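No letters, just coordinates:
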């Protein structure tokens, strides 16, 4: 397959031609979704008004675009990319299309941590973020340790994750039932996964955390792709497989928990985005960049549908992503059954 090779000093980057074209197309799609998200609202804003508002003009309508719509659009793109990367990480680690944070219980674990912060502590944004990350890490550690008796890549890890997910779901329900009424209502609404009401103050710290996680993941991407070709081949090329797996799990949990802390558990984006990106790129493994861009497009598109479907009432984006993801999961399971 034709590829583009970029060299600068000792650093070289090889990009398959089809992947480069796919990235360009997805970039255009994301730009279109972002523009539509900035135009759509209680009052439609023309693209000219949007560009003027982004430049600092526009008065009151400009403030609405910059302070209300822009944070929501940015959150949809960045959080979608984070979920897509998290899904790609776990599907590469498990080598199974069902290896996703929401399937193996990491979303539920992050939600448990957030519930503890909301019911026991004051539930500040910092506490929610920290508690979500801790909950996700504890869940990932439990899944990892319980799967140590056999192969940690494949069906065993996923089945254990599904079991832990079920137990955490029951625990979360019990916590909500035992909480005060106001806290319970807030927790249930938050658990649907929503970008409603997100402002710059809500996303400033999460964006910084995700930027660090993205940068670290970029340094581990070559080893990840080598590992995807096979454990034996990766080891012969100098990849420390177990160390790499632990690092990737921490990065994937960090991405998932950071999004969950702000927007709640948004289901199925991490499951569907990597597989859609892989099929579009026709790659042998789960490529990270197509997964990230596809995740951004899925979440941004789902959020637009959530705003438009019952307008002027804005649905939680998790409702739309769950409906889309449920259909995708049925299709994926049907295809796997027919293949076997």
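Structure's in. What do you need? A quick note: this is a predicted structure, and the numbers were derived from the prediction, not measured.

Please make it C-alpha for all contacts and neighbour counts, starting now.
Fine.

Just the buried residues of the strand or helix carrying residue 170, please?
Mapping residue 170 onto the secondary structure by DSSP states H and E places it in helix 155-178. Residues 156-166, 168-169, 172, 175-176 are the ones in helix 155-178 that count as buried (16 or more other C-alpha atoms under 10 Å).

out of those, which one sits closest to residue 272?
Compare each of the buried residues of helix 155-178 with residue 272 using C-alpha to C-alpha and the shortest gap goes to residue 158, at 15.9 Å.

separation between that closest one and residue 17?
34 Å (C-alpha to C-alpha, to the nearest Å).

wait, which of the buried residues of helix 155-178 is closest to residue 117?
Checking the buried residues of helix 155-178 against residue 117 with C-alpha to C-alpha, the nearest one is residue 175 at 11.3 Å.

wait, what's in contact with the closest residue in space to the closest one that isn't next to it in sequence?
Take residue 175 and drop its neighbours on the chain: the residue closest to it by C-alpha to C-alpha, 6 or more residues apart in numbering is residue 115, 7.3 Å away. By C-alpha atoms under 8 Å, 6 or more residues apart in numbering, the residues touching residue 115 are 172, 175, 176, 187.

Next one: residue 115 from residue 265, what distance?
Residue 115 is 12 Å from residue 265, where distance means C-alpha to C-alpha.

what's the model's confidence in the host helix or strand of residue 73, averaged?
Secondary-structure assignment from DSSP H and E places residue 73 in helix 70-94. On average, the pLDDT along helix 70-94 is 92.

tilt between it and helix 155-178?
Interaxial angle of helix 70-94 relative to helix 155-178 (axes from the mean of the first three to the mean of the last three C-alpha atoms, to 10 degrees): 140 degrees.

Quick one: name whatever helix or strand follows helix 70-94.
helix 106-119.

Quick check: buried residues in that following helix?
Across helix 106-119, burial judged by 16+ other C-alpha under 10 Å covers 106-119.

what angle do whichever helix or strand comes after that helix and helix 106-119 make?
Of the helices and strands lying after helix 106-119 in sequence (DSSP H and E), the nearest is helix 125-146. Angle of helix 125-146 versus helix 106-119, following the same axes, to 10 degrees, is 140 degrees.

starting at the chain centroid, how far to helix 125-146?
Helix 125-146 has its C-alpha centroid displaced from the chain centroid by 15 Å (C-alpha atoms, centre = their mean, to the nearest Å).

With stretch 94-113 instead?
The chain centre lies 11 Å from the centre of stretch 94-113; the measure is C-alpha atoms, centre = their mean.

ok, residue 123 to residue 115 distance?
With distances defined as C-alpha to C-alpha, the gap from residue 123 to residue 115 amounts to 8 Å.

what does residue 60 give?
In terms of C-alpha to C-alpha, residue 60 sits 37 Å off from residue 115.

same question, residue 244
As defined by C-alpha to C-alpha, residue 244 lies at a distance of 31 Å from residue 115.

Repeat that for residue 183.
In this structure, residue 183 lies at 9 Å from residue 115, with C-alpha to C-alpha as the measure.

try residue 277
According to C-alpha to C-alpha, residue 277 and residue 115 sit 33 Å apart.

remind me which residues of the stretch 151-300 of the chain are low pLDDT?
Counting by pLDDT under 70, the stretch 151-300 of the chain contains low-confidence residues at 151-154, 227-241.

Helices of that one, start to end?
When assigned using DSSP state H, counting those that start in this stretch, the helices of the stretch 151-300 of the chain occupy the ranges 155-178, 181-191, 200-228, 231-236, 241-263, 269-281, 288-309.

and the second one, how far out from the chain's middle?
Centroid displacement of helix 181-191 relative to its chain, using C-alpha atoms, centre = their mean, is 22 Å.

Output the contacting helices and strands for that helix.
In terms of contact count using 3 or more C-alpha pairs under 8 Å, 6 or more residues apart in numbering; DSSP states H and E, helix 181-191 is assigned the packing partners helix 106-119, helix 155-178.

ok, and for that helix, which residues are buried?
183, 184, 187, 190, 191.

ok, the first one to residue 190 distance?
Remark: distance between residue 183 and residue 190 (C-alpha to C-alpha) = 10 Å.
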